[in-house]
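Chemist: Below are the sequence and a predicted model for it; my questions follow.
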Amino acid sequence: MAASMVRRLWPLVAGRGLRSRRGCIRSQSPRRTFATERRDRSLLYEHAREGYSALPHLDMEPLCACPEEAARALELRKGELRPEDLPAIISTWQELRQLREQIRSLEEEKGAVAEAVRNLLVNQDGTQVHQDPQYQRLRAHGREIRKQLTVLYPKETELEEQFYLRALRLPNETHPEVPVGDESQARVLHVVGDKPAFSFRPRGHLEIAEKLDIIRQKRLSHVSGHRSYYLRGAGALLQHGLVNFTLNKLVHRGFTPMTVPDLLRGAVFATSWTTPWPSGTCQSGWFVPVPATGQRHTLGRSRGDCTGCTISPRWRCLG
């Protein structure tokens with residue numbers, strides 16, 4: 001199957017400094033090797049390896065079914081990964097899946113052998129069972145299975161790390177109707193109501209707010225990034241008033257208000273596929289103005305599914 005993926009993706013990756021070698025894709029660029037990629041960190045993977053959460057589930061079936069679409073998406077998204085990285089990710093995942101199936105089969109066989117040994121110990125005298133040829137064969141077979149698993153477990157860990165360190169950098173899928181490009185390529189899908197007409201030039205909300213001195217947008221890029229702002233005076237009081245209004249509504253409906261630290265582990269960002277720091281840095285935490293107490297949980301429609309509430313400004317990735 002991996003060879004078929006290579007054949008299907010070859011027209012997309014040919015001419016990118018790659019060449020085929022015995023059914024595999026090999027990069028001729030010393031800057032794009034798996035050895036260098038393994039030095040990259042994945043805080044989400046480390047979070048799972050340390051036992052804080054389960055390994056993330058990555059649905060690779062659609063990607064393997066349509067590798068050409070995935071490769072084009074990588075080309076259009078302009079992220080860290082390029083289309084030529086995709087065959088290696090798919091190949092590693094297929095190898096890891098086969099290895100896990102082999103381990104699962106051996107573990108089931110090991111359990112069956114252990115159960116058979118227990119039955120012999122129950123049904124026969126302890127001094128005689130050790131002379132039983134069937135018992136000796138089962139013990140020998142169990143030792144052989146353990147030897148095989150001892151070899152396979154480290155290999156599984158190695159393949160797992162190789163796979164997740166690369167696959168977790170794959171971007172989320174975009175809807176096929178989303179235009180390619182910046183905001184200038186956006187399309188109006190639907191207009192609600194009629195746009196009012198004025199006999200004078202209407203002022204925008206930013207111009208009005210700056211004239212009232214309730215918002216500041218200039219000279220902030222060194223603090224909060226471009227397209228950000230500060231609320232001042234009545235603007236800040238309005239925001240706090242809206243927050244209190246909303247919290248009061250929620251408390252009356254039975255919710256419990258919460259505040260949480262704004263310093264989160266980097267893995268929390270990775271669960272939403274957000275990387276607010278450059279690759280290769282060693283940050284394990286990040287200051288954010290929004291709590292993430294409900295990360296990776298799906299809430300139902302009924303009020304009983306959610307008992308806590310908190311409100312804060314929206315955060316976005318900078319950099």
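Modeler: Sure, I can see it. All values derive from a computational prediction rather than experimental measurement.
Chemist: Quick check: which helices or strands does the helix ranked longest in the chain pack against?
Modeler: Secondary structure of the chain per DSSP state H: the longest helix is helix 86-123. For helix 86-123, the packing partners by 3 or more Cβ pairs under 8 Å, 6 or more residues apart in numbering; DSSP states H and E come out as helix 2-13, strand 24-27, helix 61-65, helix 67-77, helix 133-167. Every residue, glycine included, has its C-beta placed from N, CA and C.
Chemist: Among those, show me which one is buried the most.
Modeler: Highest mean neighbour count among the helices and strands packed on helix 86-123 (mean count of other Cβ atoms under 10 Å): helix 67-77, with a mean of 17.
Chemist: which parts of the longest helix of the chain are buried?
Modeler: By neighbour count, with 16 or more other Cβ atoms under 10 Å as the criterion, the buried positions of helix 86-123 are 86-94, 96, 99, 103, 106, 110, 113, 116-117, 120.
Chemist: ok, of the helices and strands packed on helix 86-123, where does mean pLDDT dip lowest?
Modeler: Note on the helices and strands packed on helix 86-123: lowest mean pLDDT is at strand 24-27, with a mean of 42.
Chemist: Now Thr256: phi and psi?
Modeler: With angles defined as degrees, to the nearest 10, Thr256 sits at phi -100, psi 120.
Chemist: can you pull up the bridge partners for it?
Modeler: Per DSSP bridges, the residues bridged to Thr256 are Gly308.
Chemist: Count the residues that sit near it.
Modeler: By other Cβ atoms under 10 Å, the residues close to Thr256 number 10.
Chemist: Give me the distance between it and Leu247.
Modeler: With distances defined as Cβ to Cβ, to the nearest Å, the gap from Thr256 to Leu247 amounts to 11 Å.
Chemist: Phe255 too?
Modeler: In this structure, Phe255 and Leu247 are separated by 8 Å, where distance is defined by Cβ to Cβ.
Chemist: what does Pro62 give?
Modeler: With the distance defined as Cβ to Cβ, Pro62 ends up 41 Å from Leu247.
Chemist: same check, this time on Ser42
Modeler: Between Ser42 and Leu247 the distance, using Cβ to Cβ, works out to 36 Å.
Chemist: out of these two, which sits in the more crowded spot?
Modeler: Here Ser42 and Leu247 are set side by side on neighbour count (other Cβ under 10 Å), and the busier one is Ser42, at 21 against 15.
Chemist: what's near enough to touch that one?
Modeler: Listed by Cβ atoms under 8 Å, 6 or more residues apart in numbering, the contact set of Ser42 reads Tyr164, Leu165, Leu168, Arg169, Ala270.
Chemist: Tell me the confidence at the last one?
Modeler: Which is Ala270. 63.
Chemist: Could you do Gln102 as well?
Modeler: Model confidence at Gln102, expressed as pLDDT, equals 97.
Chemist: that older thread, I'd like to know which of the helices and strands packed on helix 86-123 is closest to Pro196.
Modeler: Pro196 sits nearest to helix 67-77 of all the helices and strands packed on helix 86-123, at 37.7 Å, using Cβ to Cβ.
Chemist: Which segments of the chain make up each domain?
Modeler: According to automatic domain parsing, the chain comprises the domains 2-167, 200-232, 234-319.
Chemist: Could you pull up phi and psi at Met175?
Modeler: Residue 175: His, not Met. Dihedral angles of His175 (phi, psi; degrees, to the nearest 10) stand at phi -70, psi 140.
Chemist: how much space between Leu55 and Leu138?
Modeler: Using Cβ to Cβ, Leu55 is found at 33 Å from Leu138.
Chemist: now Thr92
Modeler: 36 Å.
Chemist: average model confidence for the helix or strand hosting Asn248?
Modeler: Taking DSSP states H and E as the criterion, Asn248 maps to helix 234-252. Along helix 234-252, the predicted confidence averages to a pLDDT of 92.
Chemist: List the buried residues for it?
Modeler: Those buried within helix 234-252 under the rule 16+ other Cβ under 10 Å are Gly235, Leu250.
Chemist: which residues does Val178 contact?
Modeler: Val178 makes contact with no residue under the criterion Cβ under 8 Å, 6+ apart.
Chemist: What's the mean pLDDT across the helix or strand harbouring Ala48?
Modeler: Counting by DSSP H and E, the element that carries Ala48 is helix 43-49. When pLDDT is averaged over helix 43-49, the result is 86.
Chemist: what's the closest residue to Leu63 other than its chain neighbours in contact with, if anything?
Modeler: Computed as Cβ to Cβ, 6 or more residues apart in numbering, the closest residue to Leu63 that is not its neighbour in sequence is Ala70, at 4.8 Å. Under the criterion of Cβ under 8 Å, 6+ apart, the neighbours of Ala70 are Leu63, Leu86, Leu170.
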